[in-house]
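[1] my questions are about this predicted structure, shown below with the sequence.
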Amino acid sequence: GRELTTIEGLEGPNGELHPIQEAYVEHTGFQCSYCTPGFILTTKALLEEQPDVSRDEARAYLAGNLCRCGSYVKILDSVMDARDRLRGA
């Protein structure tokens with residue numbers, strides 16, 4: 001009785017990227033991309049729960065995801081941009 005969304009489930013009907021995916025691409029919030037699906041889906045959950053999240057709150061929320069390449073600054077930049085895109089800024 002539950003729904004599961006994968007990274008592919010975020011794409012629009014014609015293959016267009018979700019605003020969160022767009023933000024990650026624009027800010028290069030990935031390097032090897034191994035962790036990217038987890039970070040993007042965690043970002044989606046975060047922004048659904050806290051649409052006005054601060055950078056420090058995002059850092060704490062994402063703490064359970066590990067990036068072996070150390071792209072954390074770019075990942076946080078991506079999250080903040082995604083937040084703004086979803087708010088229409």
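    Thanks, I have it.
[2] list the buried residues of stretch 53-63.
    Judged by neighbour count using 16 or more other Cβ atoms under 10 Å, the buried positions of stretch 53-63 are 53, 58, 61-62. Where C-beta positions appear, they are placed from N, C-alpha and C, glycine not excepted.
[3] swap in stretch 46-55?
    Buried, per 16+ other Cβ under 10 Å, within stretch 46-55: 46-47, 53.
[4] got it, and stretch 29-46?
    Buried residues in stretch 29-46 (16+ other Cβ under 10 Å): 29-30, 35-36, 39-44, 46.
[5] and for stretch 4-12?
    For stretch 4-12, by 16+ other Cβ under 10 Å, it's L10.
[6] can you tell me which residues contact the nearest residue to Y34 once chain neighbours are set aside?
    Distance criterion Cβ to Cβ, 6 or more residues apart in numbering; nearest residue to Y34, sequence neighbours excluded, is R68 at 6.5 Å. Going by Cβ atoms under 8 Å, 6 or more residues apart in numbering, R68 touches 32, 34-35.
[7] check which helix or strand covers R68.
    Per DSSP states H and E, R68 falls between elements, in no helix or strand.
[8] could you find the lowest-pLDDT member of the buried residues of stretch 29-46?
    Lowest pLDDT of these: F30, 91.
[9] residues in contact with stretch 29-49?
    5-7, 10, 18, 20-21, 23-24, 53, 58, 61-62, 64-71, 74-75, 77-79, 82-83, 86.
[10] next, count neighbours for Y72.
    Neighbour count for Y72, taken as other Cβ atoms under 10 Å: 15.
[11] and it, how far from D52?
    21 Å (Cβ to Cβ, to the nearest Å).
[12] endpoint to endpoint, stretch 5-24 covers what distance?
    For stretch 5-24, the first-to-last residue distance is 18 Å (Cα to Cα, to the nearest Å).
[13] how far off centre is the helix or strand containing R83?
    Secondary structure from DSSP H and E places R83 in helix 72-86. Chain-centre distance of helix 72-86: 7 Å, with Cα atoms, centre = their mean, to the nearest Å.
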